[in-house]
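Visitor: Here is a sequence with its predicted model. Questions after.
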Amino acid sequence: MPEDSAMDQASAKLAEAVRGIIRESGVSTGTARNTEDTANPGLWNVFFLLLLISNLAFTVYLIPTKLMEGPHWELLGKAIPAVGGSLFVIVASWYKSWTLRVCKTSTFRISQAALSIIFLFSLWIPWLRVQPRIDPLDAQVLVDDETEPRNVSAPMWLSMKPHSFRVRIWQSGKPRERKFGLTRKELLQASFWGEQPRWAMCYKVKFSSGTPGIKVRIVSDPAFGFDKDFLRNWLPEHSLQMGPDNSLIFILPSAEDSSGGTQLPMGKYKVIPFKGGCQDGESQDLTVGPESDKPTTFMDLKCDQ
């Protein structure tokens, strides 16, 4: 009998504990529901929250691309939505209440409105300082639809919108031009992080060899590189293909024609002839510019018989 009495007492205490938990949950649920019901977002709160999101997106847009490359960033980009979504579900009620309180403060509203106005006017006011490297140095640069060239020895001030540029030189009394472009992000990176573009005119180069059907691997000097406009627009037109390690492959016109030419941006390169079934030829230095009119001649390749 004493054992039964002890069990009854334990059962009664357990039942009372469960009822207490239920009562506390009910009170908490009711309080949370009341808080949620009273914390209704108004139109102004939504408006300033959207301003905050836009300003944050613009701030992230300023981060240089080179700092957001690599497998770690790719993994982080996949993990953030999943982790962030889970955390948002967990703290949804607190986040909503806190966000609404912040959105109602005058400090928050004034700061976000000021930032948005600054970002908006930046689309028209030339406040970004850009100083591209021009090759050759005596080339002219025209911005968008301007008819007068800019002074390339001084920085150019541009508004925060995409711009097009024409680099012009004169040969035999006739103008030659290359077109370039800068996106908003490239303008911001050039102005804030010093990632200045390089715009170089293209010049003809020729190769010759006694071995028919060769190809030429073209490796750019790391200080120069191939600009994105050249890689996007000029390769198919000039019998060029992307090769390994950011090199280019020049394909001579035909197996019967052992000489041929293409165009490359002004700069310094290493060129290596090669052909299937043959040993690669010796690497040669190539300087491309207004005076590069002599063909680069390769020795005959040693091929399997």
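Guide: Cool, got the structure.

Visitor: Stretch 196-204 spans what distance, first to last residue?
Guide: The first residue of stretch 196-204 is 26 Å away from its last residue (Cα to Cα, to the nearest Å).

Visitor: in that stretch, what's buried?
Guide: Under the neighbour-count criterion of 16 or more other Cβ atoms under 10 Å, stretch 196-204 has 197-203 buried. C-beta here means a position set from N, CA and C on the backbone, and glycine is covered the same way.

Visitor: how about the nearest residue to residue 178, chain neighbours excluded?
Guide: Closest residue in space to residue 178, ignoring its immediate chain neighbours: residue 167 at 4.9 Å, by Cβ to Cβ, 6 or more residues apart in numbering.

Visitor: Tell me how many other residues surround the one you found.
Guide: 22 (other Cβ atoms under 10 Å).

Visitor: helix or strand right after the strand or helix carrying it?
Guide: Here residue 167, judged by DSSP states H and E, is contained in strand 163-171. Scanning forward in sequence from strand 163-171 by DSSP H and E, the next helix or strand is strand 174-182.

Visitor: Residues contacting that following strand, please?
Guide: Strand 174-182 has contacts (Cβ atoms under 8 Å, 6 or more residues apart in numbering) with 130, 158, 162-170, 190, 197, 199-202, 227, 229.

Visitor: and stretch 215-228, which residues are buried?
Guide: Here stretch 215-228 shows 215-220, 224, 226-227 as buried, counting by 16+ other Cβ under 10 Å.

Visitor: average pLDDT for that stretch?
Guide: The average pLDDT for stretch 215-228 rounds to 89.

Visitor: switch to numbering from 58
Guide: Understood, numbering begins at 58; the last thing we discussed is stretch 272-285.

Visitor: ends of that stretch, how far apart?
Guide: Length of stretch 272-285, first residue to last, Cα to Cα: 23 Å.

Visitor: and if you look at stretch 289-307?
Guide: 16 Å.

Visitor: Stretch 211-222 now?
Guide: 16 Å.

Visitor: Kindly report the same for stretch 338-355.
Guide: Where stretch 338-355 begins and where it ends lie 7 Å apart, using Cα to Cα.

Visitor: related to what we said a few turns ago, what's opposite the residue nearest to residue 235 in the beta bridge?
Guide: Beta-bridge partners for residue 224, by DSSP bridges, are residue 198, residue 235.

Visitor: mind listing what it touches?
Guide: Shown in contact with residue 224 (Cβ under 8 Å, 6+ apart): 191, 196-198, 234-237, 256-258.

Visitor: That one and residue 347: what is the separation?
Guide: 14 Å (Cβ to Cβ, to the nearest Å).

Visitor: go on, residue 323?
Guide: Distance of residue 323 to residue 347, computed by Cβ to Cβ: 8 Å.

Visitor: what ranges of the stretch 108-257 of the chain fall below the confidence cut-off?
Guide: 112-157 (pLDDT under 70).

Visitor: Now do the strands in it.
Guide: Using DSSP state E, counting those that start in this stretch, the strands of the stretch 108-257 of the chain run over 185-187, 190-192, 197-200, 213-215, 220-228, 231-239, 255-257.
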